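Colleague: pasted the sequence and its predicted model underneath.
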Amino acid sequence: MSTWTGPQPFDRCQDRRFDADWVASLWPASRVLGVTGTGRLTASPGGLDWSAPAGAYDDQRHYLLGLVGDQAVFAEQVADAPVTLREVMDGLADAELEVAFTAAALVGWHARAGFCPVCGAGTVAAGGGLLRQCTGCGVELHPRTDPAVIVAILDADDRLLLGRQPVWPERRYSVFAGFAEAGESLEQAVHREMAEEIGLALADVTYLGSQPWPFPQSLMVGFRARAASADVRLLDGEIEQARWFTRSELSAAIASGEVLLPMTTSIANRMINSWLDGRLGPA
Ligand SMILES: [Zn+2]
């Protein structure tokens, strides 16, 4: 399972991708993954369904993801595709998962960034799909990533707090998450979000690790924190239930099916399992 702590398993070709002729020369022998602007892709539960390039290279909808070994791989923006990334991501090998996350994040951003936020004119893809440039004022636009914090909250007895949102599948529980706001640090987002959602004051906020979360354009940043008290108050309606677990209680609840954990490719799942294994610390 990828922990997103080593180098990526593909080369993004940052040094050569502004050479348009070089990028175009890669196209005929490349492998292509179809991706929609809403994150559907050509894949099946066992893996990504790569295809040979069809037609001429079009730098406005063929985006160079990079080189996997010597193999050039592109994402092609398509109108429809058979599955969502969520439906297949737990079944992908690490290398394919990281390529798929990149493709979904990149194509989704291109699909939403057709107009310049500065002057309103249209934008065009540049750098082999790395960025977009405004046709009016010329400003360069880079893919947005929205940071979100996700927090494993422990009490004085080393119990873990899990909660559930009403929109989640039945019996799904997870650690707590929220977006960072303008002008605050990630640690401050942890303090604010948890005060807002569950009324807890936290101490010892410690960074654990991060992973991209292209739904549609987040970066999940994991933390561990200690609650000053175990007195949870559900304040803003986002969380419908919150419950403290000992390790044996959670293991039993998972075994009985009373609790379903988040998807295995999520940082939330890794954080919870790390705590169960007694090794919840910086990655
Ligand atoms: Zn502009």
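Modeller: Structure's in. What do you need?
Colleague: now stretch 122-142: buried residues?
Modeller: For stretch 122-142, the buried set under the neighbour-count rule, 16 or more other C-beta atoms under 10 Å, comprises 123, 125-132, 134, 141. For the C-beta atoms, the positions are set from N, CA and C on the backbone; glycine is no exception.
Colleague: cool, stretch 223-230 as well?
Modeller: Within stretch 223-230, the residues scored as buried using 16+ other C-beta under 10 Å are 223-227.
Colleague: and of those, the nearest to V78?
Modeller: Closest approach to V78 among the buried residues of stretch 223-230 (C-beta to C-beta): F223, at 37.0 Å.
Colleague: packing partners for the helix or strand hosting that closest one?
Modeller: Here F223 is covered by strand 218-227, with elements defined by DSSP states H and E. For strand 218-227, the packing partners by 3 or more C-beta pairs under 8 Å, 6 or more residues apart in numbering; DSSP states H and E come out as strand 146-154, helix 186-198, strand 202-213, helix 267-276.
Colleague: got TSV for those, with mean neighbour count too?
Modeller: As requested, these are arranged in TSV below (neighbours: other C-beta atoms under 10 Å):
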stretch	mean neighbour count
strand 146-154	21
helix 186-198	19
strand 202-213	17
helix 267-276	21
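Colleague: those: which one's closest to M89?
Modeller: strand 202-213 (10.5 Å).
Colleague: I'd like to know the average pLDDT value across the strand holding F223.
Modeller: Confidence over strand 218-227, taken as the mean pLDDT, stands at 97.
Colleague: and the contacts of it?
Modeller: By C-beta atoms under 8 Å, 6 or more residues apart in numbering, the surrounding residues in contact with strand 218-227 are 145-156, 161, 177, 179, 186-187, 190, 194, 200-213, 266-268, 271, 280-281.
Colleague: ok, the buried residues of stretch 223-230 vs the ion, which is closest?
Modeller: Of all the buried residues of stretch 223-230, F223 has the smallest distance to the ion: 36.8 Å, by C-beta to the ion.
Colleague: so that closest one bridges to which residues?
Modeller: When assigned by DSSP bridges, F223 has beta-bridge partners V151, Y207.
Colleague: quick check: it vs I239, distance?
Modeller: Using C-beta to C-beta, to the nearest Å, F223 is found at 17 Å from I239.
Colleague: and what of T36?
Modeller: Using C-beta to C-beta, one gets 31 Å for the distance from T36 to I239.
Colleague: same question, M1
Modeller: From M1 across to I239, the span is 27 Å (C-beta to C-beta).
Colleague: more crowded one of those two?
Modeller: Per other C-beta atoms under 10 Å, whichever of M1 and I239 has more neighbours is I239, with 16 against 11.
Colleague: look at the more buried one and report its pLDDT.
Modeller: Confidence per residue is given as pLDDT, and for I239 that number is 90.
Colleague: circling back: return the member of the buried residues of stretch 122-142 nearest to the ion.
Modeller: Within those, distances to the ion taken as C-beta to the ion reach their minimum at C134, with 3.2 Å.
Colleague: out of the buried residues of stretch 122-142, which touch the ion?
Modeller: Under the cut-off given by C-beta under 5 Å from the ion, the ion has C134 from the buried residues of stretch 122-142 close to it.
Colleague: among the buried residues of stretch 122-142, which pair sits farthest apart?
Modeller: Of all pairs drawn from those, the one with the largest separation by C-beta to C-beta is G128 and C134; the distance is 17.9 Å.
Colleague: enumerate the residues of the stretch 51-200 of the chain near the ion.
Modeller: So far as C-beta under 5 Å from the ion goes, the stretch 51-200 of the chain lies against the ion at 116, 118-119, 121, 134, 136-137.
Colleague: output those residues as CSV; include the columns secondary structure.
Modeller: What follows is those, written out as CSV (DSSP: H, G, I helix; E, B strand; the rest coil):
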residue, secondary structure
C116, coil
V118, coil
C119, coil
A121, coil
C134, strand
G136, coil
C137, coil
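Colleague: format the residues you listed as JSON lines; extra columns: distance to P82 and pLDDT.
Modeller: Below are those laid out as JSON lines (distance: C-beta to C-beta, whole Å; pLDDT from 0 to 100):
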{"residue": "C116", "distance to P82": "33", "pLDDT": "98"}
{"residue": "V118", "distance to P82": "37", "pLDDT": "98"}
{"residue": "C119", "distance to P82": "38", "pLDDT": "98"}
{"residue": "A121", "distance to P82": "35", "pLDDT": "98"}
{"residue": "C134", "distance to P82": "34", "pLDDT": "98"}
{"residue": "G136", "distance to P82": "37", "pLDDT": "98"}
{"residue": "C137", "distance to P82": "39", "pLDDT": "98"}
